[in-house]
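**Student:** One predicted model, sequence on top.
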Amino acid sequence: MALTVDFDAEELWLAEDPANAARPGVLSQARYGAEIGVPRLLDMLDRLGVPATFFVCGRDAERYPSVMESVAARGHEIGHHGHTHRSPHLMTREEEAQELARGLAVLGEFTDRVAGYRSPSWDLSPHTLDLLVEHGFGYSSNLMDAVVPYRHPGHDLVEIPVHWTLDDAPHFWFDATSWDRTIRSAREVAEVWGEEASAIHDIGGLVTLTVHPQLIGRPGRLRMLEEFLTGVRAYDGGGGGGVWFATCGEVADTVRRAPAGTGAGSGAGFAGARS
């Protein structure tokens with residue numbers, strides 16, 4: 001299991017609509033995530049001994065350097081989530097390259113190496129994979145075409161697959177502009193996550209759980225997340241073996257060490273890559 005935290009604070013709302021810069025009520029959600037959600041999440045991960053990968057927008061790292069220092073000091077991985085929260089498919093190749101470089105420069109102030117990239121909204125351009133290789137990344141975590149990590153054909157990158165089912169945003173996101181989203185209860189989301197995680201466990205795959213501090217950081221949801229992670233840890237070794245909690249970087253390194261042809265396409269391959 002790879003617990004991933006998309007720490008997009010104000011940049012999320014500014015990318016949605018630049019006019020949000022003048023809306024303190026909207027931006028207060030971002031501030032809550034950074035100032036309350038992340039510290040409480042870090043405390044919970046300490047209690048459980050679970051590592052996480054924090055994908056961070058460069059500009060949000062600039063806004064909250066003390067939060068970033070705390071993430072790094074607790075031993076969690078820091079990954080790239082854009083410099084701004086703009087999707088690569090809306091940029092030219094040059095703009096996308098600049099986004100990667102600027103984000104790397106900022107995140108490099110808090111970690112020795114940024115190995116992984118997660119795009120805002122999990123969307124890529126025709127140039128993204130080439131640019132990731134050019135900028136020295138080791139893995140991408142954006143695509144929904146597998147339940148095990150795999151090597152990208154034609155690119156020296158490992159993919160850490162994701163899915164909306166295992167993301168908190170589709171379940172908890174609420175936009176006050178339209179009022180067309182129903183906020184699900186933490187109990188409902190725990191049930192959805194539990195069904196998917198259990199099934200992936202049984203085939204020896206990878207559960208990539210994605211949470212956002214301004215969403216998961218609410219007290220009731222954090223309690224649910226702690227209970228969920230505790231339950232996952234209790235999975236027995238019957239179906240797909242025991243549960244390994246790892247950062248995305250650790251997963252990618254494991255796939256790279258495996259012989260070609262393993263670690264992709266089947267749970268047995270990923271389990272073999274870990275042994």
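**Tutor:** Looks like it arrived, so ask away. Residues are numbered from 1 along each chain as shown.
**Student:** Low-confidence ranges, the stretch 51-200 of the chain, go.
**Tutor:** Along the stretch 51-200 of the chain, the model assigns pLDDT under 70 to residues 176, 178-179.
**Student:** any chance you could map the strands in the stretch 151-275 of the chain?
**Tutor:** Under the criterion DSSP state E, counting those that start in this stretch, the stretch 151-275 of the chain carries strands at the ranges 158-159, 208-211.
**Student:** what distance separates the first one from the centre of its chain?
**Tutor:** So the one you mean is strand 158-159. Per C-alpha atoms, centre = their mean, to the nearest Å, the displacement of strand 158-159 from the mean C-alpha position of its chain is 14 Å.
**Student:** What separation do you get for Gly138 and Gly116?
**Tutor:** Distance check for Gly138 against Gly116: by C-beta to C-beta, to the nearest Å, it reads 7 Å. Quick note: C-beta positions are derived from backbone N, CA and C, even for glycine.
**Student:** quick one on the thing from earlier: among the strands of the stretch 151-275 of the chain, which comes closest to Arg93?
**Tutor:** Distance to Arg93, taken as C-beta to C-beta, is lowest for strand 158-159 among those, at 20.9 Å.
**Student:** Now do Pro18: how many residues are near it, please.
**Tutor:** 9 (other C-beta atoms under 10 Å).
**Student:** Pull the contacting residues for it.
**Tutor:** Contact partners of Pro18, counting by C-beta atoms under 8 Å, 6 or more residues apart in numbering, are absent.
**Student:** Pop out the phi and psi values for it.
**Tutor:** Phi and psi for Pro18, reported as degrees, to the nearest 10, are phi -60, psi -20.
**Student:** what comes up buried for whatever helix or strand Asp60 lives in?
**Tutor:** Here Asp60, judged by DSSP states H and E, is contained in helix 58-63. By neighbour count on 16 or more other C-beta atoms under 10 Å, the buried set for helix 58-63 is Gly58, Arg59, Asp60, Ala61, Arg63.
**Student:** Roughly how far does Ser66 sit from Leu225?
**Tutor:** Counting by C-beta to C-beta - Ser66 and Leu225 are separated by 23 Å.
**Student:** Neighbour count for those two, which is higher?
**Tutor:** Between Ser66 and Leu225, counting by other C-beta under 10 Å, Leu225 is the more crowded of the two (24 against 9).
**Student:** my read: that one touches Val211, true?
**Tutor:** Yes - between Leu225 and Val211 there is a contact at 6.8 Å, judged by C-beta atoms under 8 Å.
**Student:** Would you mind finding the longest helix in this protein?
**Tutor:** helix 186-202 (DSSP state H).
**Student:** Can you name every helix or strand that the helix holding Asp60 contacts?
**Tutor:** Secondary-structure packing of helix 58-63 (3 or more C-beta pairs under 8 Å, 6 or more residues apart in numbering; DSSP states H and E): helix 10-16, helix 93-107.
**Student:** The same query, at a cut-off of 6 Å, please.
**Tutor:** Helix 58-63 is packed against helix 93-107, with contacts defined by 3 or more C-beta pairs under 6 Å, 6 or more residues apart in numbering; DSSP states H and E.
**Student:** how distant is the helix it packs on from the center of its chain?
**Tutor:** Per C-alpha atoms, centre = their mean, the centroid offset for helix 93-107 relative to its chain is 19 Å.
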